[in-house]
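Chemist: Kindly return the folded structure for what I paste below:
(2 chains)
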Amino acid sequence: MTDTLLLRSLGLIIVAAAAVFLLSRRLHVPSIVAYIVTGLLLGPATGLLTISEAIEIISEVGIVLLLFLVGLELSLDKIRDVGKVAIYAGLGQVVFTAAGGLGISVLLGFSLIESIFLATALTFSSTVVVVKLLTQKEELDSLYGRISVGIFLVQDLVVIVILTLLAGLGSAGEVDLRSVGVGVASAFGGMALLLTIALVAGRYVLPPVFAWIAGSLEGLFIWSLSWCFLFVVGAELLHLSIEIGAFIAGISLAQLPYSHELRRRVNPLMNFFIAVFFTTLGLRMEFGAALDAWLPSIVLSLFVLIGNPIIFMWIISRLGYGERTSFLTSVTVAQISEFSFIFATMGVATGLIGDEILSIVALVGLVTISVSAYMILYNHGLYELMHGSWILRRFGAPQDEDDEPVEKPMRGHVIVVGLNSLGLRLVRELTERGETVLAIDTDPAKLAGIEGPTILGSADHSSVLEDANVKDAKLVVSALQIEDINNLLAYRCRAAGIPVSIHAFDRSVVQELREIGANHLMIPKNHGVRRMLDALRERGLVDS
Amino acid sequence: MTAIAILLAGAAVALGLARWLRLPSVPFLLVAGLLVNVLGLMPERELLEDTLQLGLAFLLFAAGTELNPRRVGSKRSAAVRVGLAQFGVLGAIGFAGVYMLGAPLQEAIYLALALAASSTLLVVRLLQQRRQMFEPFGRLVLGVLLMQDMLVILLLPVLTGLPEGIGETLQGLAGTAVLVVGVLVWVSWVAPLFVLRMRLDDEGLLLVTLATLFIFIGAAVWLGLPMIAGAFLAGVALSGFPVNGIVRGQLASLSDFFLAIFLTALGGLIEIPDAGDLLIAVALIAIVVLVTPPLVTVIAEAAGMSARAAIESGLLLAQTSEFSLVIALQGWSIGHVREEVLTIVAIVTMVTMFLTPFIATNRMTWRLMSLHPLRSRHGLAQPRSGHMLLLGCGDTGMPILETLVTAGHEVVVVDDDPAVIEALRDGEIPCIRGDGSDFDVLRMAGAEQAAVIISTMRRPRDSLHLLTRVRDIPVLVRVFDEEDARRIRQHGGIPISYADAAADDFLAWLEQATEFGLTEERRQRPRE
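Modeler: Purely as a prediction, here's the structure:
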């Protein structure tokens, strides 16, 4: 155990990533790009780091957690209504991009087999990149976000089909149609099986079981992760991708009342693992021959960056979606995927293509992922820029906006944290006084008794406070008897300029709360004495 | 993937069982790992060791961020004395015992160190569950744990350096000193800059947090210190307020995840011990369970704690720690001890942690109280009747006493804090030092003859105990929870709700604040 290779590699990745992230903050570089640059710096540029097996596993866990999160966010109802567009657009894009890529490659002078590999590599867009960016933007839930996720799922299935094809190609030298057919059928059969298990369990088994464990948030967290990895292993056994397994596991938990809190907890874990994933993406890139092949690399990159969205614009606007939605969805597919690298590497391994193709794929990957990350991050601005221009008009998409339910954030509300006897009374009294009261607690059972709006979660998580829209609250009150959380809450409210009243349940917590500057401390003893005396007076034990 | 799935599934089963039985989860996680191993499902060694390394780093990192001397409050000096004494005496006894049973010198030292620390993870959880963090004994126990954690981290470099000679040992100490300076710099400048002033998003915060961890680990390894010393000190570097709270939001789920699979993986390393090792394990368990309570009780009382608080502290500290596992793991990883030592420590930790909730009970406390030689104290100078009896004269009781005395009532006070008693004697208030739920004390205070009893004791259970004895006298009890109020009422007491009292306080302020205009106040303050 003296071997600290893993810690050393992880340390290098994290420290370098943090440095790149902090240095590039001014440039508004998307974190993904920062990670890939980190990978480039550590790998191709300096050779400080090579990918070990453990790092490989960690980056895979990153993908699993990311897709699990996506599943948690999107219950089945939310993707059902984008099913049609996802299938049409997903399949249509595969066909058109593959055809276009093949044509361009042949024109650029590549051999037919090389062109087939290049075209296939260009076809896939990266689920992980897009989903990560949409999660970051909190737009996974929007119409275009859901369509994108649907398209990626369809593409994922196509990948599996192609993999089976490739396996047939590699062994026999010619395509065995029967085994391909079996492969495709088993892929769809497997997916149907997992989905059925997930939905039946999500309907009948999980709600009571998770309601029992949810009293302990740590238990809930570990149980959910186990559930997720169970599906991942199941997916692997059925020769499906781990992404699909994790996604389905997420969907089955999405309708539970704790899915929101679960997402909050999985998110930091995912961020850690996914950072490793994107860094290895940079590490993996080998540019050996790409400098000689800069022209085809640039042409192919432009095809992906511009051609792909155009194909999509055309398909999606044909399906009756508005111009904005079509545009935003189309922008998400303008990159190739991490799978493209794996695919090209496999091609090199079988000896069908040379290193040159691999380098081109790497360069195209770097360019398209980086540029499209910016495009996705600033997609709304990009749309405003293009809106009304002749380019978009040519697609003839309806100009009216697709209606999306917009949740209005609360304003002028009073937030009560902790539903113990004090918290319950405060909620009651404040409601009676006509205030809008939002209650926060970690115990779903306690929240169940509240009529007004509630949030499940711990008030020391910044995202809980964001969900509660603290910055527009009128007042924050904490009835909690937990010193650390009270202090942090008081600090955050002061920093946001929101009045805050904290339950000072013990003499020892008073001083620090005063230093932090809580506007008011609920000190029970003052009125406690009065209540004691009232009780004594009632019984004639003291004079009135 | 399969490996992680198996470890997680084992952890999930363990956490489920622990929740079902309402027992601490650590022993269950270890047993789950053991079972996974017995079933032959444990992943390959290399992966297991990677998991352990990462788990160790996060365990110590998280422990470091929780290091908050403020929590100890006024019990700091008592905590230092009790902590040092327990650490020293238990370590010495353990060392002698194991050495006599025939263990090699080096192993005996590691085992002794493993024996000396009590579990922060377990005790904090229990104190939280029982809402005793803020009782004097809770503060003391927290201080003792903090003290011991620091001792382990400081001694570990010495221990790992010692066999290499005195030079290595000194170098280890010097390295630790360098890191501690780094921690100070980090706490005062670096952490506030990156965590507070830069206003990073969650992802950036996480990166900065983890970069801190790895920078300190790197520095520790470079200085020739164990990796875990770096991880712990990295945590300490982020333990200042409010940095610690902000960091915890990001770190909590990571450490939950890694702790669960760390303990499960560790359980997988436990092997069936031979008779000799088993004997050592049993001897160590006996030492921890039998020596710790009396030892801590004696020192804590000498340091000014009341008898009951001292006994409760002793009972609660009678287990070995997750740090014990860390020590054993460290010794094994650098080849100082055999793998069997890891097994011994794991067994001791598993058993003692499992026993703690059964040992540290109210019933056990009272049983020991009755054995306590110094319990009977002086009664009142003259027997009283028709007086008001106030049980507990702390922050809550004192204003009640003042009001009643000012109004000319005759009040007798029972409290177990020597400082309070002294102050009362100076004010010539009749008082008894002792526990308000102790029947002997109640008899001496003339409880049966009192006109009314007012209990401000912290634990509702104590007041319920009192109600089983006292009848036909109105008993006013300070309670917070509605549930406790109901139970007090059921037993014939009169609950006075301090939750309502706190709400009164809030509502009074709200009236005032509305007059000033809450909204107006906000407008005046600059918004960020």
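Chemist: what number of residues lie near the residue of the stretch 51-200 of chain A found nearest chain B?
Modeler: Proximity of the stretch 51-200 of chain A to chain B (C-beta to the nearest C-beta) peaks at A:Ala54, 4.7 Å away. Quick note: C-beta positions are derived from backbone N, CA and C, even for glycine. Look at A:Ala54: counted by other C-beta atoms under 10 Å in any protein chain shown, it has 21 neighbours.
Chemist: what's it in contact with, if anything?
Modeler: A:5-6, A:9, B:46-47, B:50 (C-beta atoms under 8 Å, 6 or more residues apart in numbering or on different chains).
Chemist: Phi first, then psi, for it.
Modeler: phi -60, psi -40 (degrees, to the nearest 10).
Chemist: same check, this time on A:Ile455
Modeler: phi -130, psi 130.
Chemist: Tell me how many other residues surround it.
Modeler: 18.
Chemist: does it have beta-bridge partners, and which?
Modeler: A:Ile440 (DSSP bridges).
Chemist: How about the residue most central in space within chain A, nearest residue that isn't a chain neighbour?
Modeler: Closest to where the C-alpha atoms of chain A average out (C-alpha atoms, centre = their mean) is A:Thr135, at 4.0 Å. Distances taken as C-beta to C-beta, 6 or more residues apart in numbering or on different chains put A:Leu69 closest to A:Thr135, at 6.5 Å, once the chain neighbours are dropped.
Chemist: got a pLDDT number for that neighbour?
Modeler: Per-residue pLDDT puts A:Leu69 at 89.
Chemist: Buried residues, whichever strand or helix holds it. List them.
Modeler: Assigning secondary structure by DSSP states H and E places A:Leu69 in helix A:53-73. Buried residues in helix A:53-73, counted by 16 or more other C-beta atoms under 10 Å in any protein chain shown: A:54-55, A:57-73.
Chemist: and it, how far from the chain's centre?
Modeler: Remark: helix A:53-73 is offset 10 Å from the chain centroid, using C-alpha atoms, centre = their mean, to the nearest Å.
Chemist: Buried ones in the next helix or strand after that helix, by neighbour count?
Modeler: Sequence order places helix A:76-80 as the next helix or strand after helix A:53-73, per DSSP H and E. Residues A:76, A:78-79 are the ones in helix A:76-80 that count as buried (16+ other C-beta under 10 Å).
Chemist: Which members of those residues additionally contact chain B?
Modeler: Applying C-beta under 8 Å from any C-beta of the partner chain to the buried residues of helix A:76-80, one finds that nothing falls near chain B.
Chemist: Turn these into CSV, including pLDDT.
Modeler: Below are the buried residues of helix A:76-80 laid out as CSV (pLDDT from 0 to 100):
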residue, pLDDT
A:Leu76, 75
A:Lys78, 74
A:Ile79, 75
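Chemist: Make a markdown table out of these and add distance to A:Gly245.
Modeler: Shown next, in a markdown table, are these (distance: C-beta to C-beta, whole Å):
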| residue | distance to A:Gly245 |
| --- | --- |
| A:Leu76 | 16 |
| A:Lys78 | 19 |
| A:Ile79 | 16 |
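Chemist: Out of the residues you listed, which is nearest to A:Ser216?
Modeler: Nearest to A:Ser216, judged by C-beta to C-beta, of the buried residues of helix A:76-80 is A:Leu76 at 27.5 Å.
Chemist: thinking the closest one is in contact with A:Ile251, fair?
Modeler: Yes. The pair A:Leu76 / A:Ile251 is scored as a contact, 5.7 Å apart, by C-beta atoms under 8 Å.
Chemist: For those two, list the residues in contact with both.
Modeler: A:Leu199.
Chemist: quick check: mean pLDDT across stretch B:274-289?
Modeler: pLDDT averaged over stretch B:274-289 gives 92.
Chemist: Need the residues that contact that stretch.
Modeler: Here stretch B:274-289 has contacts from B:90, B:93-94, B:97-98, B:101-103, B:111, B:115, B:273, B:318-320, B:340, B:343-344, B:347-348, B:351-352, B:355, B:359, using C-beta under 8 Å, 6+ apart.
Chemist: Mind checking if stretch A:249-269 is in reach of chain B?
Modeler: Yes. Stretch A:249-269 reaches chain B (C-beta under 8 Å from any C-beta) through A:265-269.
Chemist: and which of the residues you listed is nearest to A:Val184?
Modeler: So of these, ranked by how close each gets to A:Val184 (C-beta to C-beta), first place is A:Val266, at 32.2 Å.
Chemist: Pretty sure the closest one sits against B:Ser253.
Modeler: Yes. Counting by C-beta under 8 Å, A:Val266 touches B:Ser253, with 6.9 Å between them.
Chemist: Now for the two: what residues contact both?
Modeler: With C-beta under 8 Å, 6+ apart as the test, A:Val266 and B:Ser253 both reach A:Phe221.
Chemist: A:Tyr321 - that's part of a strand, no?
Modeler: No. Applying DSSP: H, G, I helix; E, B strand; the rest coil, one finds A:Tyr321 to be coil, outside a strand.
Chemist: Okay, helices next: where are they in the stretch 251-400 of chain B?
Modeler: B:275-302, B:307-316, B:322-333, B:339-359, B:362-371, B:397-406 (DSSP state H, counting those that start in this stretch).
Chemist: near chain A, which residues of the stretch 101-250 of chain B show up?
Modeler: Counting by C-beta under 8 Å from any C-beta, the residues of the stretch 101-250 of chain B near chain A are B:131, B:133-134, B:139, B:194, B:198, B:202-204, B:206-208, B:210-211, B:213-215, B:217-218, B:221, B:227, B:241-242, B:244-246, B:248-250.
Chemist: Could you check the angle the helix or strand B:Glu46 falls within makes with helix B:322-333?
Modeler: Per DSSP H and E, B:Glu46 falls inside helix B:45-65. With axes from the mean of the first three to the mean of the last three C-alpha atoms, to 10 degrees as the basis, helix B:45-65 and helix B:322-333 are set at 140 degrees to each other.
Chemist: mind showing which ranges of the chain have poor pLDDT?
Modeler: All of this refers to chain A. Across chain A, the ranges flagged by pLDDT under 70 are A:1-3, A:163-177, A:179-180, A:288-291, A:400-407, A:544.
Chemist: Correction: the question concerned chain B.
Modeler: Using pLDDT under 70, the flagged stretches of chain B are B:374-379, B:381, B:514-528.
Chemist: Could you report the separation of the closest residue to B:Gly249 other than its chain neighbours from B:Leu126?
Modeler: Nearest non-adjacent residue to B:Gly249, counting by C-beta to C-beta, 6+ apart: A:His461, 4.6 Å away. Remark: distance between A:His461 and B:Leu126 (C-beta to C-beta, to the nearest Å) = 24 Å.
Chemist: Of those two, give the one with the bigger neighbour count.
Modeler: A:His461 (24 against 19).
Chemist: correct me, but that one touches A:Arg263?
Modeler: No. Using C-beta under 8 Å, A:His461 is not in contact with A:Arg263, being 11.1 Å away.
Chemist: What count of nearby residues applies to B:Pro273?
Modeler: 16.
Chemist: Hmm, it is touching B:Val341, no?
Modeler: No. Judged on C-beta under 8 Å, B:Pro273 makes no contact with B:Val341 at a distance of 10.2 Å.
Chemist: ok, now which ones touch B:Asp149?
Modeler: With C-beta under 8 Å, 6+ apart, B:Asp149 has these contacts: B:63, B:67, B:117, B:120, B:232, B:323.
Chemist: Got phi/psi on it?
Modeler: phi -60, psi -40.
Chemist: For the stretch 101-250 of chain A, which residues are neighbours of chain B?
Modeler: A:136, A:213, A:215-216, A:218-219, A:221-223, A:225-226, A:229-230, A:232-233, A:236, A:242.
Chemist: Among these, which lie within strands?
Modeler: Judged by DSSP state E, these include no members of strands.
Chemist: filter these to the buried ones?
Modeler: The neighbour count (16+ other C-beta under 10 Å) marks A:136, A:213, A:216, A:218-219, A:221-223, A:225-226, A:229-230, A:232-233, A:242 as buried among those.
Chemist: now, which of those lie within helices?
Modeler: Mapping those onto helices (DSSP state H) picks out A:136, A:213, A:218-219, A:221-223, A:225-226, A:229-230, A:232-233, A:242.
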